[in-house]
Every structure is written in C-alpha cells, then in structure tokens.
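# Starting from these lines, generate the structure:
(one chain, ligands or ions: 1)
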Amino acid sequence: MSGSFDVIIAGAGAAGMMCALTAAESGLRVLLLEKNEKAGKKLFITGKGRCNLTNASEQDTFFENIVTNSRFMNSSLRRFTNEDTMRLFESLGLKLKTERGNRVFPASDHSSDVIKVLLRALEKRGVELRLRTEVKELIVREGRCVGVRAVCPAGGSKREELFADSVVIATGGLSYPSTGSTGDGLDFAKGLGLEVTECRPSLVPMKLREEELCRRLQGLSLKNAGVTFERAGKKLYGDFGEMLFTHFGVSGPVILSASASLPRDACESGLILKIDLKPALDDQTLDKRILRDFKENENRNFANALNGLLPAKLIPVMVERSGIPAGKKVHSVTKEERKRLVTCFKEFELTVTGLRGFEEAVITKGGVSVKEIDPKTMGAKRVGGLYFIGEVLDVDALTGGFNLQIAWSTAVSCGRALQEQFETGNGRALRERFGNR
Ligand SMILES: Cc1cc2nc3c(=O)[nH]c(=O)nc-3n(C[C@H](O)[C@H](O)[C@H](O)COP(=O)(O)OP(=O)(O)OC[C@H]3O[C@@H](n4cnc5c(N)ncnc54)[C@H](O)[C@@H]3O)c2cc1C
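Modelled structure (predicted):
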C-alpha cells in the first residue's frame, strides 16, 4: 500500500504500534513511521528484557500508581483496561504470567515475543511500517495537521511530504535516548505553540555525596531496607523494599520510586536519605538481637561480631560509623555504644546530591501538557487532526507495568477515536477539503 493514508503515526514504540493496530482494525489505511532500523527498541529492553507489560491489580491501584496527572487517565484507562491488555495480547497468541506485585510478563520471559506478536498483527491488518524514516516536521494548514515531512534514511536530508487525515505523535519522551526517544514530539508540540511542561528524568538512580563510601559498597544489594528522605528535618517520603549501591550512589526499586515521588526540587538542596537496615525490628528488639549476637561472640573483637547482622561489605563501614573501636572485645562494648550502633542500623544516613540523567531514567516526567489534550481521544484541542499518545504526554507512573499500560490505553483510545471519526464521515470530508493526495 502506498499513496494516501487515513492516519500517519510517528514512532513505532509501544504506543505507536498499539494505535496502528487499533486504527487498522476497522480498515483505516495506516502508515507507521519509525526512525530506527527496527520497531520497539525500548520495548525490547523493558522489564530487564522480560517486558512487564501491565499490572493485574484493581483499577484503584492503577490510579494510585500514576504519579502525574492520574485524573487525565481516567477515561482512557477505563476504555482500555489492564484486563483488556491481557486479553488482547492473549488473543494475539502471547501467553502471559503474573508475578509478585501483580506484574504481568510474557510466559516466555522474552520482550521480543511482545514485539513479535504486535508486528505480526500489524502486518495482518495491512499497516504500512516504514523503518529508518524520521518525522522532521508537521504540515499544518488552516489550524489542522494534514501530514508530515519525513526523511529516509533517518538523519538524511531529502524530505518527503506525506499526507493523512490524522497525524498521531507517538515518539516517546527523553529517557534512554539510545532507543530513539529523543523528544522529537515535544519539539513538534512546542513548535505549534502547545504547552510542554518541564521535563526531567524519573524512575532514575540517585547520586550521593559520600563518593568514597559508594565505591566501597558498590554492588551491595539490600533486599529489605526502609528508606526515608528528609529535608531540613522534615520527612518528604518513605518506603520499604529493595535497593542497591552503585559506584555513584543508590539505585533499585525503592530508590527509583522515590525519584518519581519526591518534589521536583528535592534533590537540589541537602536531601538526606536515611536507610533503616532492620525495618522489621524496633530499637529495643534490635538491641536485644545485638546483645544475643554479642553473647555468642563475647571474646571476639567488635569488628568480627557483626557477621550475623550485616552483609560483609557493610561491616567495616558500620564499625567506623558506630565509633566503637574495631579491636574492642565485644564483652566490653558499653550500653551507650550499643545505642549508637542501633542508631547506625536504623538511620544509616547519606546525602543525595542529585538524580542521574535521562540516559538512565526509566521514564520522563513532564511532556505535552494534558491541558492541551482531550482525554477521551488524545486529540490536541487547539490543532485539528493531531493526536499525542504514550510517554510524550505529561503522565508518568511508578514501576510495575503501569507505564506501558498508559501507552496501551492512550493508544487504543486514540485509535478508536480515529475509527469513530472516520465512520462518521469526517475523514472523507476532510480529505476532499484538503485534497492534494
Ligand atoms: C530500561 C527501561 C525499562 C522499562 N521497563 C518497563 C516495564 O517493564 N514496564 C513498563 O510498564 N514500563 C517500562 N518502561 C517504560 C516504557 O518503556 C515506556 O513507558 C514506553 O516504552 C513508552 O512508550 P511510547 O511508545 O510512548 O514511547 P517509546 O517506547 O519511547 O517509543 C517511541 C518511538 O518513537 C520513535 N521516534 C522518536 N522520534 C521519532 C521521529 N521523529 N520519527 C520517527 N520515529 C520516531 C522512537 O525511535 C521509538 O521507537 C521501561 C523503560 C526503560 C527505559
């Protein structure tokens, strides 16, 4: 198929492919443009290559896990729910499984299978997918988007004009730019005078001031840590779960979630991270536990009596922080010293100096303002024929499959709106009016 199209979609990521699939269902002629040499490059790396494609929790949990603009998602998440996502993928031949935290994965554990079934369905429904084709500009006439100017191969200089009744921007955000998400859609929106909220990396590791300590603890994973973030003595955020020390700071699920939930400027001015290394024990119970271990190691040096309480990498650090001499015999550690040790366990204090960059961020916080977008159709309110779906929008959620569900739901809502518009005859009328295809 070539020539004229009903819909042009820029970006063959999760949202673009799903929208193409939905729009083509009712026979719309869909052109899907992707600047990479293959579709779904980011989808391929999701869920550590396993693709956590949605979450099987109740609807309410979904809204609780959407950090920014959850109300905007009300309509599309009800129109195409997590259950619809699971049903759809199963109908496309993808077996699914649900894991801890209601996270849904392909049974094969391969994200490539998600991409495979989507591509197969796109082909079956006659969607024309053009790879290595980069959308450079939108063509807007009389306040209506009627097509795009694109280059092929991507990065080349020869521009081709492609026309359609509707243009969908599914170019993603700014995170992991190596996958092709370089913020092009944000520039298109800005170019048309649409509001784009400030973008910053989210679900992203944090940098710490204690560089030397990070180097010593690098690779250490804490399976069940309590984390509290404080500024000027005020608690801003708290959580429990898994975290990891890296060469620059901290990462892992609780840290990534914190990066998404903390206020915008929190990391810029003396943000304190307190780690509770024994969240299941209160101070008194922990003291008893320490006493018990000390009793068993009575005649050993203090530094050799912590093996039952801490991972090996942390022991020398805790010895230093406690101020108890490493060579002191355990039987002579005082009550006061033990109290200091308990505080070190319960409030292992570090200073956050900032977030890592978009290169390591799972998601972009910020994007095309939802004020500009009709939440039922994903259509731009001020430019006819133009739609925005997926991560390019100012909507983001925590980890657990929620972000991909945002991509699927906004994509299907848009695809269905395109179908409906076409069925009411608008499409044909517009084509006659703007001719030239
Ligand atoms: C490491 C990592 C792991 C993740 N794991 C999960 C997970 O397990 N579960 C989950 O729910 N979410 C996960 N996410 C988030 C999820 O990947 C995104 O929410 C989702 O991919 C957004 O889909 P999208 O289609 O809007 O954008 P993208 O997937 O970014 O797709 C945009 C596409 O548009 C193309 N494009 C860009 N500009 C142009 C242009 N000018 N012309 C043509 N094409 C263009 C890009 O090449 C790209 O293919 C993860 C993210 C990362 C980075």
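# Now do the same for the nearest residue to residue 258 once chain neighbours are set aside: helix, strand or coil?
In this structure, residue 258 finds its nearest non-sequential neighbour in residue 237, 5.4 Å apart by C-beta to C-beta, 6 or more residues apart in numbering. Glycine gets a C-beta too; all of them are placed from N, C-alpha and C. Assigned with DSSP: H, G, I helix; E, B strand; the rest coil, residue 237 falls in the strand class.
# which ones are touching residue 237?
By C-beta atoms under 8 Å, 6 or more residues apart in numbering, the contact list for residue 237 reads 227-229, 258, 261-262.
# Out of those residues, which sit inside strands?
227-229 (DSSP state E).
# Please see if the helix or strand hosting residue 417 touches the ligand.
Per DSSP states H and E: residue 417 is located in helix 402-423. Yes - Helix 402-423 is in contact with the ligand by C-beta under 6 Å from any ligand atom, via 402-404, 407.
# Neighbour count for these - can I get that in CSV?
Output for those, formatted as CSV (neighbours: other C-beta atoms under 10 Å):
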residue, neighbour count
402, 27
403, 26
404, 29
407, 29
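# Redo those as a markdown table? Include pLDDT and distance to residue 253.
What follows is the residues of helix 402-423 next to the ligand, written out as a markdown table (pLDDT from 0 to 100; distance: C-beta to C-beta, whole Å):
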| residue | pLDDT | distance to residue 253 |
| --- | --- | --- |
| 402 | 98 | 13 |
| 403 | 98 | 14 |
| 404 | 98 | 16 |
| 407 | 98 | 20 |
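# What residues does the residue lying closest to residue 271 once chain neighbours are set aside make contact with?
The shortest distance from residue 271 to any non-neighbouring residue, by C-beta to C-beta, 6+ apart, is to residue 352 (4.1 Å). For residue 352, the contacting residues are 206-209, 229, 249, 267, 271-273, by C-beta under 8 Å, 6+ apart.
# 6 Å instead?
206, 267, 271, 273 (C-beta atoms under 6 Å, 6 or more residues apart in numbering).
# Look up the closest residue to the residue of the stretch 301-437 of the chain found nearest the ligand, ignoring the ones flanking it.
Using C-beta to the nearest ligand atom, residue 390 is the residue of the stretch 301-437 of the chain that sits closest to the ligand, at 2.2 Å. Ranked by C-beta to C-beta, 6+ apart and with sequence neighbours excluded, the top spatial neighbour of residue 390 is residue 15, at 2.9 Å.
# give me the number of residues near the one you found?
Neighbour count of residue 15, defined by other C-beta atoms under 10 Å: 33.
# Use 31 as the first number for this chain going forward.
Noted, 31 is the first residue going forward, which turns the last one into residue 45.
# In the helix or strand hosting it, which residues are buried?
Here residue 45, judged by DSSP H and E, is contained in helix 44-55. Going by neighbour count (16 or more other C-beta atoms under 10 Å), the buried part of helix 44-55 is 44-54.
# Then stretch 127-142?
Residues 133-136, 138, 141 are the ones in stretch 127-142 that count as buried (16+ other C-beta under 10 Å).
# Next: stretch 207-215.
Neighbour counts over stretch 207-215 (16+ other C-beta under 10 Å) mark 209-215 as buried.
# any idea which of those is closest to the ligand?
residue 210 (2.1 Å).
# Distance-wise, check the nearest residue to that closest one once chain neighbours are set aside relative to residue 184.
Counting by C-beta to C-beta, 6+ apart, residue 210 lies nearest to residue 66, which is 4.7 Å off, once chain neighbours are set aside. Separation of residue 66 from residue 184 (C-beta to C-beta, to the nearest Å) stands at 7 Å.
# Residue 198 too?
18 Å.
# who's more crowded, those two?
residue 198 (32 against 18).
# Give me the three-state assignment for the more buried one.
With three-state DSSP as the basis, residue 198 sits in strand.
# Tell me what it is bridged to.
According to DSSP bridges, the partner residues bridging residue 198 are residue 39, residue 417.
# Surely it touches residue 416?
No - counting by C-beta atoms under 6 Å, residue 198 stays clear of residue 416, with 8.0 Å between them.
# so residue 336 touches residue 343, yeah?
No - with contact defined as C-beta under 6 Å, residue 336 does not reach residue 343; the gap is 11.7 Å.
# Between those two, point out the one with more neighbours.
More neighbours surround residue 336 than the other of residue 336 and residue 343, with 24 against 13 (other C-beta under 10 Å).
# The residue nearest to the more buried one when sequence neighbours are not counted: which element?
Distance criterion C-beta to C-beta, 6+ apart; nearest residue to residue 336, sequence neighbours excluded, is residue 345 at 5.0 Å. Residue 345 belongs to helix 344-352 when assigned by DSSP H and E.
# Quick one: list the elements packing against that helix.
The contact analysis (3 or more C-beta pairs under 6 Å, 6 or more residues apart in numbering; DSSP states H and E) places helix 344-352 against helix 365-376.
# at 10 Å instead, please
Secondary-structure packing of helix 344-352 (3 or more C-beta pairs under 10 Å, 6 or more residues apart in numbering; DSSP states H and E): helix 241-247, helix 365-376, strand 378-385.
# winner for burial among these?
strand 378-385 (a mean of 18; mean count of other C-beta atoms under 10 Å).
# which residues of this structure score low on pLDDT?
Counting by pLDDT under 70, the chain shows low-confidence ranges at 31-33, 455-467.
# which parts of the stretch 131-280 of the chain sit against the ligand?
So the stretch 131-280 of the chain meets the ligand at 164-165, 200-202, 205-206, 210-211, 214 (C-beta under 6 Å from any ligand atom).
# Mind doing that once more with 5 Å?
Residues of the stretch 131-280 of the chain lying close to the ligand (C-beta under 5 Å from any ligand atom) are 164-165, 201-202, 206, 210-211, 214.
# tell me the two of those residues that are most distant?
Of all pairs drawn from these, the one with the longest distance (C-beta to C-beta) is 165 and 206, at 19.1 Å.
# which residues do residue 66 and residue 184 both contact?
161-164, 210 (C-beta atoms under 10 Å, 6 or more residues apart in numbering).
# re earlier: may I see the buried residues of the helix holding residue 447?
The neighbour-count check on helix 432-453 (16+ other C-beta under 10 Å) flags 432-449, 451-452 as buried.
# can you give me the helices for this protein?
For the chain, helices defined by DSSP state H occupy the ranges 44-55, 71-79, 89-95, 104-109, 112-121, 141-154, 214-221, 241-247, 283-291, 313-326, 344-352, 365-376, 432-453, 456-464.
# Output those as a markdown table; include the columns distance to residue 405.
Conversion of those to a markdown table gives the following (distance: least, C-beta to C-beta, whole Å):
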| stretch | distance to residue 405 |
| --- | --- |
| helix 44-55 | 15 |
| helix 71-79 | 24 |
| helix 89-95 | 14 |
| helix 104-109 | 5 |
| helix 112-121 | 17 |
| helix 141-154 | 24 |
| helix 214-221 | 16 |
| helix 241-247 | 43 |
| helix 283-291 | 21 |
| helix 313-326 | 48 |
| helix 344-352 | 48 |
| helix 365-376 | 44 |
| helix 432-453 | 8 |
| helix 456-464 | 20 |
